[in-house]
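Trainee: The sequence isn't on hand, but the structure is:
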């Protein structure tokens with residue numbers, strides 16, 4: 001199956017997908033892209049703007065996962081210490097609409113639970129929202145996410161995600177990257193669910209001829 005993994009970061013969602021798929025990962029941060037490639041040497045890694053790449057290439061894939069940047073949607077926006085306001089980044093909804101109306105495969109759009117009522121209804125699982133064109137299990141993972149704040153959070157998330165975040169030498173905050181990475185068990189559950197639907201459709205299509 002051909003998979004497109006957008007805003008790939010370090011591949012938290014991809015970690016348990018195995019190597020039987022043809023996976024293309026798109027990440028704008030060159031340092032993250034390098035670490036992703038080291039982690040998943042069989043994947044094709046492209047350093048590019050994921051939002052534009054989706055628009056130009058979405059028809060080429062069987063399954064698409066996209067996790068657009070979440071800071072402008074996060075409840076942290078309501079914190080009193082947050083003095084610099086920004087408009088919510090509407091790329092999130094642009095991608096949902098594109099995939100929902102024009103894409104023929106299965107997709108998953110992942111983001112945080114926002115500080116406002118979502119403009120397009122989503123499925124809430126844990127502390128994330130998911131927009132998909134297939135049903136999701138009620139429980140995506142049995143694993144409990146570590147405490148996000150306080151001393152030692154990077155170490156806790158390194159253990160949780162099975163990755164040493166101190167390898168990252170780029171400009172972004174390691175703690176932010178660690179917190180935003182998707183639980184790999186949830187990523188596997190979602191892909192397995194989509195694959196089950198895709199395989200069933202393939203069987204039904206074959207039986208027609």
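Mentor: Received, thanks. Keep in mind that what you see is a predicted model, and the values were worked out from it rather than measured.

Trainee: So for the chain, the centremost residue is which one?
Mentor: Nearest to the mean C-alpha position of the chain, counting by CA atoms, centre = their mean, stands residue 67 at 3.8 Å.

Trainee: mind checking how far it is from residue 201?
Mentor: Remark: distance between residue 67 and residue 201 (CB to CB, to the nearest Å) = 25 Å. (Each C-beta comes from the backbone N, C-alpha and C, glycine too.)

Trainee: what's the burial count for residue 31?
Mentor: The local packing count at residue 31 equals 14, with neighbours defined by other CB atoms under 10 Å.

Trainee: Mind giving me the packing neighbours of the longest strand anywhere in the chain?
Mentor: Secondary structure of the chain read by DSSP state E shows that its longest strand is strand 106-112. Under the contact criterion of 3 or more CB pairs under 8 Å, 6 or more residues apart in numbering; DSSP states H and E, strand 106-112 touches strand 63-66, helix 91-102, strand 128-132, helix 184-207.

Trainee: For these, give me TSV that also has mean pLDDT.
Mentor: Output for the helices and strands packed on strand 106-112, formatted as TSV (pLDDT from 0 to 100):
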stretch	mean pLDDT
strand 63-66	98
helix 91-102	98
strand 128-132	96
helix 184-207	82
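
Trainee: isn't there a helix covering residue 25?
Mentor: No. Residue 25: not assigned to a helix; according to DSSP: H, G, I helix; E, B strand; the rest coil it is strand.

Trainee: tell me which residues form a beta bridge with it?
Mentor: When bridges are assigned using DSSP bridges, the partners listed for residue 25 are residue 5, residue 45.

Trainee: quick one: pLDDT of it?
Mentor: The score at residue 25 is 98. That number is its pLDDT.

Trainee: Compute the number of surrounding residues for it.
Mentor: 27.

Trainee: which residues sit in contact with it?
Mentor: Contacts were defined as CB atoms under 8 Å, 6 or more residues apart in numbering; by that measure residue 25 touches 5, 8, 11, 14, 33, 36, 40, 43-46.

Trainee: Buried among these? Need that as a selection in PyMOL.
Mentor: Filtering the contacts of residue 25 down to the buried ones (16 or more other CB atoms under 10 Å) takes a single PyMOL command:
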select buried, resi 5+8+11+14+33+36+40+43+45+46
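
Trainee: OK, contacts around residue 133?
Mentor: If a contact means CB under 8 Å, 6+ apart, then residue 133 has 99-100, 106-107 as its contacts.

Trainee: Swap in 6 Å and give it another go.
Mentor: Shown in contact with residue 133 (CB atoms under 6 Å, 6 or more residues apart in numbering): residue 107.
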